[in-house]
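Colleague: below is the sequence, then the predicted model.
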Amino acid sequence: MTLEKQKQDKIKAILKFINEHENFLITTHINSDGDALASVLGCSMFLEKLAKGYKIILDDQMIDPKYSFLKNWSKIQSYTEDQKEEYLAKVDAALVFDAPDNKRIGIIYDLINNKIPTTKIDHHPSEFVFGPADWIDSSASSASAMLYEIIDNSSIETDQFISEALYTGIVYDTGRLSFSNTRARDFEICAALLKNGAIPHKITNNLFFNNNAAALKVIGNGLQNLEQYENGKITIIFLSYQDLNGVDQSEIEELANYSVSLRESEVGVFIREIEPGSFKLSLRSKEYVDVSKVANQFEGGGHVRASGCRYKGSYSDLVRNLVNEIKIQL
């Protein structure tokens with residue numbers, strides 16, 4: 001069976017799954033990013049056009065307001081325990097986007113596992129599946145690109161609002177169509193989305209030119225804290241809990257890309273202390289290091305060129321362990 005035939009079979013299975021159910025719970029991974037939010041919102045609009053019901057439930061208490069320009073953003077609900085029974089009321093199926101394993105969807109996994117039929121659409125390498133209709137394609141740039149293929153093979157026309165969401169997800173996960181995961185197909189999809197109403201400068205302004213002065217000052221502090229290891233092949237940018245000073249972390253994400261922007265840098269890491277002694281890491285690589293292998297050592301994961309993980313302990317222990325793990329991959 002060819003790869004194209006496998007893809008078409010998966011798309012047909014997902015469309016059949018959607019056709020067989022009426023009311024869906026839609027979710028994605030914790031710490032939802034641009035592709036995660038864009039794909040669940042795009043899915044919600046698709047279901048609306050199919051006259052299906054849905055609820056968007058995420059295990060995130062802070063939904064990035066940067067994406068509030070996308071239709072249905074206000075319909076996203078953050079999980080709370082006291083609403084647990086209500087979430088499943090009148091829901092007969094679930095759709096999970098952009099999440100390689102059960103840990104990545106947090107408490108939502110316990111909510112839906114073995115309770116309602118579930119299908120996953122994901123572009124991370126993964127052996128974790130919910131059911132036979134799951135579509136996992138690690139060659140795809142993003143969950144949003146995969147959702148485009150599903151909608152494109154359905155009876156539904158992609159309108160301006162769906163196009164804006166899917167373009168947002170693709171642009172986010174491909175670094176504005178520049179990362180190594182960018183395929184020729186992404187340019188074809190984006191061209192179609194533009195024809196259907198997506199406005200590139202509107203989306204770019206909301207995603208990348210929407211910072212405030214306080215965030216830029218914090219970014220400056222992070223750059224001052226830049227450290228290099230292994231003759232510059234490893235670059236680490238660090239912001240302490242005090243440095244963050246209440247700034248919306250979505251506005252300083254670009255430091256992850258800055259960390260690998262130096263000429264000699266192969267691996268860059270942006271570390272922020274989200275609580276005293278608790279760290280969130282964003283890892284990037286330029287050419288040959290698989291940073292997902294590094295992230296896996298800290299119970300994280302992601303892609304070859306972009307991954308993430310968390311760590312609890314001292315910063316000095318974290319840096320020592322992190323540099324040692326990266327050196328193994330250099």
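Modeller: It's in. Numbers count the residues shown, from 1 in each chain.
Colleague: and the strands in the stretch 101-250 of the chain?
Modeller: Taking DSSP state E, counting those that start in this stretch as the test, the strands found in the stretch 101-250 of the chain are 118-122, 135-136, 227-229, 234-239.
Colleague: tell me the pLDDT at Met1?
Modeller: The model reports Met1 with a pLDDT of 61.
Colleague: so who does Asn181 touch?
Modeller: Ser141, Ser142, Asp173, Thr174, His303, Val304, Arg305 (CB atoms under 8 Å, 6 or more residues apart in numbering). (Glycine included, C-beta is placed from N, CA and C.)
Colleague: name the SS class of Glu299, please.
Modeller: coil (DSSP: H, G, I helix; E, B strand; the rest coil).
Colleague: and the helices in the stretch 151-300 of the chain?
Modeller: 160-173, 184-195, 200-208, 213-224, 241-244, 255-258, 291-296 (DSSP state H, counting those that start in this stretch).
Colleague: turn those helices into TSV, including mean neighbour count.
Modeller: Shown next, in TSV, are the helices of the stretch 151-300 of the chain (neighbours: other CB atoms under 10 Å):
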stretch	mean neighbour count
helix 160-173	27
helix 184-195	16
helix 200-208	15
helix 213-224	15
helix 241-244	14
helix 255-258	20
helix 291-296	22
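Colleague: pick out the most distant pair among the contacts of Asn181.
Modeller: Ser142 and Val304 (14.3 Å; CB to CB).
Colleague: so for the two, which residue has more residues nearby?
Modeller: Ser142 (28 against 16; other CB atoms under 10 Å).
Colleague: quick check: chain neighbours aside, which residue is closest to the more buried one?
Modeller: Once flanking residues are discounted, Ser142 sits nearest to Asp173: 3.9 Å by CB to CB, 6 or more residues apart in numbering.
Colleague: got the contact list for that neighbour?
Modeller: Residues near Asp173 by CB under 8 Å, 6+ apart: Asp33, Gly34, Asp35, Ser141, Ser142, Ala143, Ser144, Phe179, Asn181.
Colleague: surely the fifth one meets Val171?
Modeller: No: with contacts defined as CB atoms under 8 Å, Ser142 does not count as touching Val171, sitting 9.0 Å away.
Colleague: on that earlier part again, deepest of the strands of the stretch 101-250 of the chain, which one?
Modeller: When the strands of the stretch 101-250 of the chain are scored by mean count of other CB atoms under 10 Å, the highest mean neighbour count falls to strand 118-122 (a mean of 25).
Colleague: note down every partner strand of that one and its orientation.
Modeller: If you go by DSSP bridges, strand 118-122 pairs up with strand 93-97 (parallel), strand 135-136 (parallel).
Colleague: right, and Cys190 touches Leu177 too?
Modeller: Yes: counting by CB under 8 Å, Cys190 touches Leu177, with 7.0 Å between them.
Colleague: shared neighbours, these two?
Modeller: Ile170, Val171.
Colleague: buried set for stretch 86-99?
Modeller: Neighbour-count burial for stretch 86-99 flags Tyr87, Leu88, Val91, Ala93, Ala94, Leu95, Val96, Phe97, Asp98, Ala99 (criterion: 16 or more other CB atoms under 10 Å).
Colleague: show me which of the residues you listed is closest to Val291.
Modeller: Ranked by distance to Val291 (CB to CB), the buried residues of stretch 86-99 are led by Asp98 at 17.7 Å.
Colleague: where in the stretch 201-330 of the chain is pLDDT low?
Modeller: Of all residues in the stretch 201-330 of the chain, none has pLDDT under 70.
Colleague: not counting sequence-adjacent ones, nearest residue to Lys12?
Modeller: Asn153 is the one closest to Lys12 (CB to CB, 6+ apart), at 7.6 Å.
Colleague: and for Ala93?
Modeller: Spatially, and ignoring its direct neighbours in sequence, Ala93 is nearest to His21 (3.7 Å; CB to CB, 6+ apart).
Colleague: so how many other residues sit close to the one you found?
Modeller: 18.
Colleague: so what pLDDT did the residue nearest to Lys12 get?
Modeller: Asn153 is assigned 97 on the pLDDT scale.
Colleague: how long is stretch 110-126 end to end?
Modeller: Using CA to CA, to the nearest Å, one end of stretch 110-126 lies 19 Å from the other.
Colleague: swap in stretch 143-163?
Modeller: From its first residue to its last, stretch 143-163 covers 14 Å (CA to CA).
Colleague: so which bits of it are buried?
Modeller: Result for stretch 143-163 [16+ other CB under 10 Å]: buried residues 143-151, 154, 156, 158, 161-163.
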